[in-house]
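Colleague: Everything below, folded, please.
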Amino acid sequence: MSDGANAIFGDLPAKSSTMIEVPVGAGDALGTKIHRLSAVSIVSERLATELAGSSETALVVGGDCGVEYAAVSHALTPDTCVVWFDAHPDLHSPESSESGAFSGMVLGALLGRADDELRAGGVTPGSPVVDAARVVLVGTRTFDDAEDAFVDESGITSVSALDLDPAEVVEAVAATGATSIYVHVDLDVLDPGDFDGLLDPQPFGLAPATLVATIGALRERFALVGAGICSFAPASAAAAGDDLGTILRLVGALAR
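Modeller: Predicted structure coming up:
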């Protein structure tokens, strides 16, 4: 993912782009169930500080989905719907996650499911906490049992990748009553037949054109308060170029 993030960074406008350095080393769980929590804490703090220095709408490029914790927390307003384009819902709590990877619990953390563990690692939980009624999962198709149960319990809306119509996503967001959106894009929402550089490819995903069109339709209806693109994992730095055209179209749809 380092190669992927650097490849995207190289194609962004230099004057309006900033690199947040990730600490070298494995990191430490700090006695919690969140793997590498010390690294999560440092990245979260550095990103939050950078975002606080500007009033402009930010596009945050990861890394894995863990960077979205600070990004969403910074951008969220009481009228914001978090639109989560991702093959995975990332809704685990520290207790339900078998891997302990923060990337698999970041949306759960934004919903307040990891507050005690985050505090133990020096991460101040986001405020306000994301409301489950203002979350729409899009293209999500790989749920662990615990995540599936939480979706049923919380009533989170999910829009299938199968024959997705952009208008369906717009209607789902409108039904939350939100007037603004934060758009998270984990690139594994895309079908692996259309995009190579995926960290965890899952079949039956979105076509790139459908994803771009859906973001465009959302932008026509709602104000954008922030966005993120994560998990670009090309096989090598040289291979990154094969997918950059698609990524730049996504950037264009989010930053227009």
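Colleague: When you work out contacts or count neighbours from here on, use the C-alpha atoms and nothing else.
Modeller: Fine.
Colleague: Next, count neighbours for Ile34.
Modeller: 25 (other C-alpha atoms under 10 Å).
Colleague: so is Ala217 in a helix, a strand, or just coil?
Modeller: helix (DSSP: H, G, I helix; E, B strand; the rest coil).
Colleague: likewise Ala167?
Modeller: helix.
Colleague: before we move on, which element is Gln202 in?
Modeller: Counting by DSSP states H and E, no helix or strand carries Gln202.
Colleague: how many neighbours does it have?
Modeller: 18.
Colleague: now swap in Ala238 and tell me
Modeller: A count of nearby residues for Ala238, using other C-alpha under 10 Å, gives 11.
Colleague: so who does it touch?
Modeller: Counting by C-alpha atoms under 8 Å, 6 or more residues apart in numbering, Ala238 makes contact with nothing.
Colleague: Check what pLDDT it gets.
Modeller: pLDDT for Ala238: 86.
Colleague: Ramachandran angles for it?
Modeller: phi -70, psi -40 (degrees, to the nearest 10).
Colleague: Might you list the low-confidence residue ranges for the stretch 151-256 of the chain?
Modeller: Across the stretch 151-256 of the chain, nothing is flagged by pLDDT under 70.
Colleague: residue boundaries of the helices in it?
Modeller: For the stretch 151-256 of the chain, applying DSSP state H, counting those that start in this stretch gives helices covering 166-174, 208-221, 241-255.
Colleague: From the contact counts, what lies against the longest one?
Modeller: Meaning helix 241-255. In this structure, helix 241-255 makes packing contacts with helix 2-10, helix 208-221, judged by 3 or more C-alpha pairs under 8 Å, 6 or more residues apart in numbering; DSSP states H and E.
Colleague: what's the closest of those helices to Ala237?
Modeller: helix 2-10 (5.3 Å; C-alpha to C-alpha).
Colleague: Tell me the buried residues in the next helix-or-strand element following the closest one?
Modeller: Tracing the chain C-terminally past helix 2-10 and defining elements by DSSP H and E, one meets helix 37-52 next. For helix 37-52, the buried set under the neighbour-count rule, 16 or more other C-alpha atoms under 10 Å, comprises Leu37, Ser38, Ala39, Val40, Ser41, Ile42, Val43, Ser44, Glu45, Leu47, Ala48, Leu51.
Colleague: Centre of the chain to helix 37-52, how far?
Modeller: Counting by C-alpha atoms, centre = their mean, to the nearest Å, helix 37-52 is centred 15 Å from the centre of its parent chain.
Colleague: Against which helices or strands is it packed?
Modeller: helix 68-75.
Colleague: One more pass at 10 Å, please.
Modeller: helix 68-75, helix 115-120 (3 or more C-alpha pairs under 10 Å, 6 or more residues apart in numbering; DSSP states H and E).
Colleague: Tell me which other helices or strands the first one touches.
Modeller: For helix 68-75, the helices and strands in contact under the criterion 3+ C-alpha pairs under 10 Å, 6+ apart are helix 37-52, strand 59-61, helix 106-110, strand 180-186, strand 223-230.
Colleague: In contact with the residue of the chain most remote from its centre: list those residues for me.
Modeller: For the chain, the largest distance from the centre (C-alpha atoms, centre = their mean) belongs to Gly31, which lies 25.9 Å off. By C-alpha atoms under 10 Å, 6 or more residues apart in numbering, the contact list for Gly31 reads Leu37, Glu117, Ala120, Gly121.
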